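Chemist: give me a 3D structure for the following:
(chains A and B)
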Amino acid sequence: MAVIEVTDLRKRYADLTVLDGVSFSVEEGEIFGLLGPNGTGKTTTVECVEGLRRPDSGSIRVLGLDPVGDARRVHEQIGVQLQQTQLPENLKVWEALDLYASFYAAPRDWRELLEEWGLADKRNARFGKLSGGQRQRLFIALALVGNPRVAFLDELTTGLDPTARRATWELIKRVRAGGVTVVLVSHFMDEVEELCDRVAVLDRGRVVAVDTPAGLAEGEHRMRFTLVAGDLTGLENLPGVTGVSTEGDRVVVTGTGEFATVVTAHLARHHILVGDLRIDKRTLEDAFTALTGRTLD
Amino acid sequence: MMKLAVVETKLLTREPGALFSLLIPLFILVVFGSSIQPGDTVLLPMALAIAVGLVALYLVPTTLATYRERGILRRLSVTPVKPGSLLVVQLLLQLVLAVTACGLLMVVAGTVLKAHLPTGVLSGLLVFGLGTASMFAIGLLIAALAPNGRSANGFGVLLYFPMAYLAGLMQPPGQMPAIVARIGEYTPLGAFRQSLADVWAGNAPSPVLLGVMALYALVVGAAAAVFFRWE
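Modeler: Purely as a prediction, here's the structure:
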C-alpha cells in the first residue's frame, strides 16, 4: 500500500521554477530516499508533503489524506525533523520531549526515546548547551515522539561525525524495523546507499529516476589490466562483455553483470598472463552523474 | 495546550529580560518614591506605564520574533498543535507578567511609600486593559515586521525611548513644551499614562483618550495580524 502519493507537483517562486512536475510514491514500511544536490527541490517537495507549503498544482496524498485540508489528521500520524530549526535556548531536553509528546493523542514514552537516542545523561541539559550531534539526535527523537506512521528526516546526519552517522543509520534501521515508513532527504550518496530501499533522484525540480540504490548503480562495469603474455582473441564474445579496447598499454574490458568472473576464468583457462588487474564497479555516484550530468556536491 | 503554558512559563522565568521588566519600574518607583508626599497620585501611574511599556516593547517582540527566527513556529505547524496556540500562550503569559509587575508596584507603592491607590477600580481596570492592548499591539507589529529576534529587540528599544518621552515618563508633561505634551497625549503610552493619572486623581478617564487607545489596539493589532509571517 502506498502511504504517500505525489503526482505532478509544481511550484514556482516569482520566475524561479522549484518543482517542475515531481511524482513518486512511497510504500508502507520502506525507507524512501530523496536524493539530489542542494537546491534541486528536495526540501520543497517534502515540505509540500508535510503540509508546510502549498504546491501551485499537483496532488498529494499522505495516508490517504490531503496534508493541507486534513492537516490535523495528517500531523497526528507523521513525525518531522526539519532542516534549520532550533528550540528555545533554555528549554531542557526532557521538557522538549515531554512537551512534544503532549501534542499527540497516542505518543511514545519519551523516556524510552531518551535512552534509545543516547540522551539519557543529557536529560536536564538545556538546548543551548547541547553539541551539534546531541541537538540532531534530539530532533530525531522529537520526530518520533508522536509514535508516527511516517517519519520525515531532512538531512539527518548533517553535522554529525562519522561514528555518530553510523550509529544514527543503525537507529534509523531500527525505526523502520518498528514499522515506521521513513522518508529521507539527503545529498549523501553513502547514506542513501546504506539505508534506502528505493530512491528518487531529483534534478532541477524533476524526478529523473526512481529505483533501488543497487538498481540505479547497475550498468556497465570496467575491468583493466596489462597483457603480459597470451592472445586476447575471443574475449569480446564472452557473455556479458560489451567491449574490449586499449588505453595505452592497458586493456579495458567493459561489461555487465558477472562478466568479470567470466573474463578471469577465460584468462586462466587460456593461460593468458595479465598484470595490474583492476575492476571498477559503477557506484550510485556514477549513476547520479550519468543521470544529471553533474556531481552531487 | 496546558503543558505548552507550563513550559512557556518555565522558559519565561529563565529569561533574565522578564526579571528586568519587573525590577526596572520597581527600582524607578523606589528611587523617586523617597521624595514623594503620602497620597501622591503622579509617580505610581508613571511606574505602571513604564512597566507595561517595557513588557510590550521589549519582551513581546523579542520573544515572538526569536521563536519565528529559530523555526519554532514552523516546527509546531507540522504537529497537531498549531503555532497559533504558542502565540496565544505567549501573549497571555506576557499579560500575566505585565499584571504581576503592576501588582508589585501597587503593593510597594501602597504600603511602603504610602502613595495614593485609586478608588475607581472598574475604570482603572478599563484603562489598564485598553492601554495594555494598545501597547501589545505595537509590540506585535514589531514582531511581525522584524526579520529576527535581535532586530526586534533593537526596534523595541528604539521605539521605547521616544514613546516614553512623549508620554511624559522621562519629564513631567508640565515641563515639556506645550505642543509636545499635547502630541504626547495622543500616543498610546501617553494616553495610557494620562488616563491612569485621571483615575488616580479620582476623575473619570477621558473618553477621547480611551478611544485613542482602543483605536491603536485595533488598527495596529490588525496591521500586525496582516503582516505576521510564520517563517
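Chemist: quick one, helices of the stretch 51-200 of chain A?
Modeler: A:71-77, A:93-101, A:110-116, A:132-144, A:162-177, A:189-195 (DSSP state H, counting those that start in this stretch).
Chemist: what does the average pLDDT come to for the first one?
Modeler: Right, helix A:71-77. Average pLDDT, helix A:71-77: 95.
Chemist: what's the answer for the longest one, then?
Modeler: If you average the pLDDT over helix A:162-177, you get 88.
Chemist: other residues contacting that helix?
Modeler: Helix A:162-177 is contacted from outside by A:29-31, A:116-118, A:133, A:136-137, A:140, A:144, A:151, A:153, A:156-157, A:160, A:182, A:184, A:191, A:194-195, using CB atoms under 8 Å, 6 or more residues apart in numbering or on different chains. In this view, the C-beta of every residue, glycine as well, is placed from N, C-alpha and C.
Chemist: tell me, what residue is most central in chain B?
Modeler: By CA atoms, centre = their mean, chain B has its centre lying nearest to B:V52, at 2.5 Å.
Chemist: SS state for that residue?
Modeler: helix (DSSP: H, G, I helix; E, B strand; the rest coil).
Chemist: my guess is it contacts B:A98. True?
Modeler: Yes - if you go by CB atoms under 8 Å, B:V52 and B:A98 touch, sitting 5.2 Å apart.
Chemist: need the overlap of contacts for those two.
Modeler: B:T132.
Chemist: would you map the strands across the chain?
Modeler: All of this refers to chain A. A:2-13, A:16-27, A:31-35, A:57-62, A:78-81, A:150-154, A:181-186, A:198-203, A:206-211, A:221-229, A:241-247, A:250-255, A:273-280 (DSSP state E).
Chemist: closest one to B:V199 among those strands?
Modeler: strand A:78-81 (50.3 Å; CB to CB).
Chemist: with just CA atoms, put that closest one into CSV.
Modeler: C-alpha atoms of strand A:78-81 as CSV (Å, rounded to 0.1, in the frame of the first residue of the first chain):
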residue,chain,number,x,y,z
ILE,A,78,3.6,11.9,10.8
GLY,A,79,6.8,12.9,12.6
VAL,A,80,9.1,15.5,11.1
GLN,A,81,12.7,16.6,11.5
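Chemist: what are the contacting residues of it?
Modeler: A:50, A:62-63, A:139-140, A:142-146, A:148-154, A:156, A:180, B:75, B:78.
Chemist: residues of chain B that sit close to chain A?
Modeler: Residues of chain B lying close to chain A (CB under 8 Å from any CB of the partner chain) are B:2-4, B:7, B:10-11, B:14-15, B:66-67, B:70-72, B:74-75, B:77-81.
Chemist: and the residues you listed, which are buried?
Modeler: Among the residues of chain B next to chain A, the ones that count as buried by 16 or more other CB atoms under 10 Å in any protein chain shown are B:4, B:7, B:11, B:15, B:66-67, B:70-72, B:74-75, B:77-81.
Chemist: and which of those residues is nearest B:A214?
Modeler: B:Y67 (27.9 Å).
Chemist: for the closest residue to the closest one other than its chain neighbours, give me the pLDDT.
Modeler: Sequence neighbours aside, B:L73 is the residue nearest to B:Y67 in space, at 5.6 Å (criterion: CB to CB, 6 or more residues apart in numbering or on different chains). Per-residue pLDDT puts B:L73 at 93.
Chemist: can you check A:T295 too?
Modeler: Looking at A:T295, its pLDDT is 72.
Chemist: OK, contacts around it?
Modeler: Per CB under 8 Å, 6+ apart, neighbours of A:T295: A:P37, A:E285, A:F288, A:T289.
Chemist: redo that, cut-off 10 Å
Modeler: By CB atoms under 10 Å, 6 or more residues apart in numbering or on different chains, the contact set of A:T295 is A:P37, A:E285, A:D286, A:F288, A:T289.
Chemist: drop anything exposed from those residues.
Modeler: Counted by 16+ other CB under 10 Å, those give A:P37, A:D286, A:F288 as buried.
Chemist: so what's residue 155 closest to, chain neighbours aside?
Modeler: Defaulting to chain A. Nearest to A:E155 is A:Q83, by CB to CB, 6+ apart, at 5.4 Å.
Chemist: think we crossed wires, I meant chain B
Modeler: Counting by CB to CB, 6+ apart, the residue nearest B:F155 is B:I142, at 4.8 Å.
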